[in-house]
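1. 3D, please:
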Amino acid sequence: MHKDHIKSSVINFKSVARALTIVENELTGAGKLLKNLHFEKNAPIIGITGPPGAGKSTLVNSLIDLLLTDGSKIAVLAIDPTSPFNFGSLLGDRIRMASHFNSPDVFIRSLATRGSLGGLSAKTIEMADVLRAAGFDYVLIETVGVGQSEIEIAGLADITLVVLVPEAGDEIQHIKSGLMEIADAFIINKADRADADVFANNLKKIIGQKQGEQPPVFKTIASQAGGIQEIANFIKSPVKTQHSRRELLLTEKAYKLIQQKLTQHIDKKKLQHDVAKALKDEKFNLYSFVDTYV
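-> Alright, predicted model coming up:
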């Protein structure tokens, strides 16, 4: 979105969708569009991550309801996994967010991870910036919650919310250390379960061992919108991104984008074909094969 096409109160969703399609598919003009992005609003990117089944979509749905009450305009990027076998993606309609699909103030887009093992591709960075430039007040990114996506979201989001559920009880000691490091806040969803308080206390003890400012722990029952107001208040409070943190964010973004550009000439389907062909040689060596691509 070039600055000439942005209005402070009205966002043309069709124009936004076209811009996202151009960027996602690297169509003609994508590079120019990205280089001409102009940010009139300092809209925070809010990453919401956590394991499958934690109720992230339900929480996002309830959170949107509250953020809309002050007239905010919200964009949601829902990250879906790409199958490593058929190179397709499991892009659903996000049924839990269905109530917002026709809202004039909510824009929802699904995005495949395009084989990124971490769950976030360079496209996520580019598309999030397109949404920020379009004039939305909040950009929510819900990650797939597998592999290293929880940790990678820290290289993209201004605020990272980690959603957990009480049934992880005995496994709390095994929560990825990286996940503990990147959270700006923890959300214990389905907090009406019997072991939720014990889980919350154990989590707070672990967090208490960290250096510096401790991230808050919120308890929610997203299916009933319970505790969501506190999350909304936390998000609405001014984002205090330290200079060092901002440098880290931009370094991570730059690294991802450079990585993307260095590998964009590699066609995965052709790679699979070439591997199949090379396998016919009994002396096939994976590392020698990889060198032919580098």
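
2. my read: I22 touches G31, true?
-> No: counting by CB atoms under 8 Å, G31 is not a contact partner of I22; they are 9.9 Å apart. No exception for glycine: its C-beta is placed from N, CA and C like everyone else's.

3. neighbour count: these two, which is higher?
-> Of the pair I22 and G31, I22 is the one with more neighbours under other CB atoms under 10 Å, namely 18 against 11.

4. ok, how many other residues are close to I206?
-> By the criterion of other CB under 10 Å, I206 has 14 neighbours.

5. secondary structure element holding it?
-> Element membership for I206, per DSSP states H and E: helix 196-208.

6. after that helix comes which helix or strand?
-> Sequence-wise, the next helix or strand downstream of helix 196-208 (DSSP H and E) is strand 217-219.

7. buried stuff in the following helix or strand past that next one?
-> Going down the chain from strand 217-219, the next helix or strand is helix 228-236, by DSSP H and E. Buried residues in helix 228-236, counted by 16 or more other CB atoms under 10 Å: I228, I231, A232, F234, I235.

8. ditto for stretch 186-203
-> F186, I187, I188, N189, K190, A191, A196, F199, A200, N202, L203.

9. got these as JSON lines, with pLDDT columns?
-> Shown next, in JSON lines, are the buried residues of stretch 186-203 (pLDDT from 0 to 100):
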{"residue": "F186", "pLDDT": "91"}
{"residue": "I187", "pLDDT": "92"}
{"residue": "I188", "pLDDT": "91"}
{"residue": "N189", "pLDDT": "90"}
{"residue": "K190", "pLDDT": "88"}
{"residue": "A191", "pLDDT": "89"}
{"residue": "A196", "pLDDT": "86"}
{"residue": "F199", "pLDDT": "85"}
{"residue": "A200", "pLDDT": "86"}
{"residue": "N202", "pLDDT": "83"}
{"residue": "L203", "pLDDT": "85"}
